[in-house]
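Asker: here is a sequence together with a model predicted from it:
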Amino acid sequence: MADSLKKKTAKGVVWSAVERFSTQGIQFLFGIVLARLLTPNDYGVIAMLTIFLAVSQTFIDSGFSNAIIRKINRTEEDMATMFFFNIGMSLACYAVIFLAAPFIADFYEMPELTLILRVLAIKIILQSFNAVQTTMLVIKLDFKKQAKISLCCAIFSGIVGIVFAYLGYGVWALVIQALLGTLLLSILYWMIVRWRPTCFFSKKSFGYLFSFGSKLLISGLLDTVYNNIYPLVIGKFYTPAQLGSYSKAEHFAQFPSQNIMRILQRVSYPVLSSLQEEPERLKKNFLKFLDYSTLLIFPLMIGLLALSKPLTLFMLTDRWADMILPLQLLCIAMMWYPAHAINLNLLQVLGRSDLFLKLEIIKKIVGIAILCGTLPFGITALCLGKIADAWISLIINTYYSGSLMKAGFLAQMKFMMPTFLNSLAMGAIILGVIHLLPENLYSLQIGVGFVVGTSYYLLINWLFNREKMSEMLDLLKRKK
């Protein structure tokens, strides 16, 4: 059974990684082309509205998907209840956004936002139709089908966005891209995952799903609002162009950190849930997920920090030069997020959604205090505040891991620190190499910096961490 779980986990990790990075990679490449056609102001307008769509999506899910994944004896009534609840909630959220759009436009003092938000918000209705299908594939750790679906949608929506941007539609190119991409996503999920509701909404199922999911809903709302409050505040107190530069820097920093985080969440949650009655195996696998995540994420984030200047100027031109410093600072802040995700997954696995909520409340109070303290001092100060917030949040997140499984902050830092220091050394080497190369040859700086940094990191790990590297390679070989 243990070997079967290991193979299933390995396959899930590999295909989840393929799904995330192939899709995000395609979107990243299309995003570079779009950024060269559009302006920071266009991206700033969309970033202003992100919080309203994100909050709506949190309400629509209400923690039901995690509740169903965790439930061992899930039924068809559970699936149908989630399906009809999602659709009904999405219609209610759209109605609220439609009515609130003029007031949101007044808040930003930009009348044109009314129509943009009303059209863009149709996306949340379209998304609600594929929630059950997505959850079913996660339960089965079948990320291969998700990879195919997501990749098709990324290519289609990317082409659509570029065409409309080239034709001069400006911010509307991003709106049309989002809507058509989401529509195709729902259609493909319905075609590939052969699930249809065979019964209707069940009060009994709703009672179970809501009892578990309601606490996750509140914590999810806190997390969603907090994660999007920076664009809200920057959009209000600074210019759309400044917000556009910040949001693009955040997007670049999130590409490795958030995607690895989501891979780990999607795979570790069902895997750890299956071990919830075996404490020793649970702890062992928890620490293994943490160990593997840092081995991947730390060098990626430090490498991105070191190469941020030539990457930005080469890919996006000097029009986006203002995003370089925020990108460097956000890389430091976001490199710890996968560790946050694994610790929070553990609380859900152990059924402690009450502690999950408590932690989210504490962290958000601290985060808002840091935001208020750094807001008057500019974008750079806000980014420095995010670094402080990331460290404080890590300490808070690991508190209950220590009390529940004796794997708290110090124990986890013991796993992470060697890789962190090795990644810092790699980053210093990359910066040193770049400094020796001609200043304006950005492509040469990127190529040489990448090769030298990667070679150093792999060599050091192979010399001093060979057992772990071999184990990871063995895990990949078992994917089939």
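Answerer: Received it, and whenever you're ready, just let me know what you need.

Asker: please count neighbours and contacts with C-alpha atoms only from this point.
Answerer: Noted.

Asker: which helix or strand contains residue 91?
Answerer: Assigned by DSSP states H and E, residue 91 falls within helix 76-108.

Asker: can you map out the helices along the stretch 201-350 of the chain?
Answerer: If you assign secondary structure with DSSP state H, counting those that start in this stretch, the helices in the stretch 201-350 of the chain sit at 203-237, 240-273, 279-316, 324-334, 337-349.

Asker: among those helices, which is nearest residue 77?
Answerer: When those are compared for distance to residue 77 using CA to CA, the nearest one is helix 203-237, at 6.5 Å.

Asker: helices and strands around the closest one, which ones?
Answerer: Of the remaining helices and strands, those touching helix 203-237 by 3 or more CA pairs under 8 Å, 6 or more residues apart in numbering; DSSP states H and E are helix 40-61, helix 64-70, helix 76-108, helix 240-273, helix 353-374.

Asker: please save the CA atoms from the shortest one in CSV.
Answerer: The C-alpha coordinates for helix 64-70 follow below in CSV (Å, rounded to 0.1, in the frame of the first residue of the first chain):
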residue,chain,number,x,y,z
PHE,A,64,-16.7,22.9,-0.4
SER,A,65,-14.0,21.5,-2.7
ASN,A,66,-11.6,20.9,0.2
ALA,A,67,-14.4,19.4,2.3
ILE,A,68,-15.3,16.9,-0.5
ILE,A,69,-11.6,16.0,-1.1
ARG,A,70,-11.2,15.3,2.7
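
Asker: how far away from the center of its chain is it?
Answerer: Distance of helix 64-70 from the chain centroid (CA atoms, centre = their mean, to the nearest Å) equals 19 Å.

Asker: now do it: which elements does it pack against?
Answerer: In this structure, helix 64-70 makes packing contacts with helix 76-108, helix 131-139, helix 203-237, helix 240-273, judged by 3+ CA pairs under 8 Å, 6+ apart.

Asker: pLDDT score assigned to the residue nearest the centre of the chain?
Answerer: Compute the mean C-alpha point of the chain, and by CA atoms, centre = their mean the closest residue is residue 258, 3.6 Å away. If you check residue 258, the pLDDT there is 74.

Asker: what's the burial count for residue 331?
Answerer: Summarising burial for residue 331: neighbours were counted as other CA atoms under 10 Å, giving 28.

Asker: that one reaches residue 253, doesn't it?
Answerer: Yes - Residue 331 is in contact with residue 253 according to CA atoms under 8 Å; the separation is 5.2 Å.

Asker: give the residues shared as contacts by these two.
Answerer: 301, 304 (CA atoms under 8 Å, 6 or more residues apart in numbering).

Asker: so which of the helices and strands packed on helix 64-70 is the most packed in?
Answerer: Mean neighbour counts were compared across these using mean count of other CA atoms under 10 Å; the top stretch is helix 240-273, at a mean of 22.

Asker: what distance do you get for the residue nearest to the centre of the chain to residue 437?
Answerer: Distance, residue 258 to residue 437, by CA to CA, to the nearest Å: 31 Å.

Asker: just checking, residue 290 touches residue 344?
Answerer: No - Residue 290 sits out of contact with residue 344 when judged by CA under 8 Å, with a separation of 11.9 Å.

Asker: neighbour-wise, which of the two wins?
Answerer: Comparing residue 290 with residue 344 by neighbour count (other CA under 10 Å), the higher total belongs to residue 344, at 24 against 21.

Asker: who touches the spatially closest residue to residue 303 that is not a sequence neighbour in this structure?
Answerer: In space, not counting the residues next to it along the chain, residue 303 is nearest to residue 427; the distance is 5.7 Å by CA to CA, 6 or more residues apart in numbering. Contacts for residue 427 (CA under 8 Å, 6+ apart) come out as 299, 302, 303, 305, 306, 453.

Asker: equivalent analysis for residue 442, please.
Answerer: With CA under 8 Å, 6+ apart, residue 442 has these contacts: 310, 311, 313, 314.

Asker: let's go with 10 Å and repeat that
Answerer: Residue 442 makes contact with 307, 309, 310, 311, 312, 313, 314, 315, 434 under the criterion CA atoms under 10 Å, 6 or more residues apart in numbering.

Asker: any idea how far residue 236 lies from residue 107?
Answerer: Distance of residue 236 to residue 107, computed by CA to CA: 8 Å.

Asker: ok, residue 43 next?
Answerer: 18 Å.

Asker: same deal with residue 100?
Answerer: Residue 100 sits 11 Å away from residue 107 when distances are taken as CA to CA.

Asker: with residue 119 instead?
Answerer: With CA to CA as the criterion, residue 119 and residue 107 are 18 Å apart.

Asker: ditto for residue 425
Answerer: Here the criterion is CA to CA. By it, residue 425 lies 46 Å from residue 107.

Asker: and what of residue 41?
Answerer: Distance of residue 41 to residue 107, computed by CA to CA: 17 Å.

Asker: same thing with residue 199?
Answerer: Per CA to CA, residue 199 is found 44 Å from residue 107.

Asker: now swap in residue 251 and tell me
Answerer: Computed with CA to CA, the distance linking residue 251 and residue 107 is 25 Å.

Asker: tell me which of the helices and strands packed on helix 203-237 lies nearest to residue 146.
Answerer: Short answer: helix 240-273, nearest of the helices and strands packed on helix 203-237 by CA to CA, at 11.8 Å.

Asker: ok, for residue 419, nearest residue in space, not its chain neighbours?
Answerer: Using CA to CA, 6+ apart, the closest residue to residue 419 is residue 295 (6.2 Å).

Asker: ok, now which ones touch that neighbour?
Answerer: By CA under 10 Å, 6+ apart, the contact set of residue 295 is 415, 416, 418, 419, 420, 422, 423, 461, 468, 469.

Asker: what does residue 329 give?
Answerer: Neighbouring residues of residue 329 by CA under 10 Å, 6+ apart: 249, 250, 253, 305, 380, 381, 382, 383, 384, 385, 386, 387.

Asker: what of residue 332?
Answerer: Residues near residue 332 by CA under 10 Å, 6+ apart: 253, 298, 301, 302, 304, 305, 383, 384, 386, 387, 388, 390.

Asker: got a quick PyMOL command for the buried subset of those?
Answerer: In PyMOL, a selection of the buried entries from the contacts of residue 332 looks like this (16 or more other CA atoms under 10 Å):
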select buried, resi 253+298+301+302+304+305+383+384+386+387+390
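
Asker: so which of the contacts of residue 332 comes closest to residue 226?
Answerer: Using CA to CA, those come closest to residue 226 at residue 386, 11.3 Å.

Asker: pretty sure residue 110 contacts residue 239?
Answerer: No - with contact defined as CA atoms under 10 Å, residue 110 and residue 239 do not form a contacting pair (11.5 Å).

Asker: what touches both of the two?
Answerer: Residues touching both residue 110 and residue 239 comprise residue 45, with contact defined as CA under 10 Å, 6+ apart.

Asker: residue 259 against residue 338, yeah?
Answerer: Yes - contact criterion CA under 10 Å: residue 259 and residue 338 qualify, at 9.0 Å.

Asker: tell me if I'm right that residue 331 and residue 257 touch.
Answerer: Yes - the pair formed by residue 331 and residue 257 meets the contact definition of CA under 10 Å, at 8.4 Å.

Asker: if we can go back for a sec, quick one: which of the helices and strands packed on helix 203-237 is nearest residue 160?
Answerer: Distances from residue 160 to each of the helices and strands packed on helix 203-237 were compared by CA to CA, and the smallest falls on helix 40-61, at 16.4 Å.

Asker: tell me which other helices or strands the closest one touches.
Answerer: helix 2-37, helix 76-108, helix 113-120, helix 122-127, helix 171-192, helix 203-237, helix 240-273 (3 or more CA pairs under 10 Å, 6 or more residues apart in numbering; DSSP states H and E).
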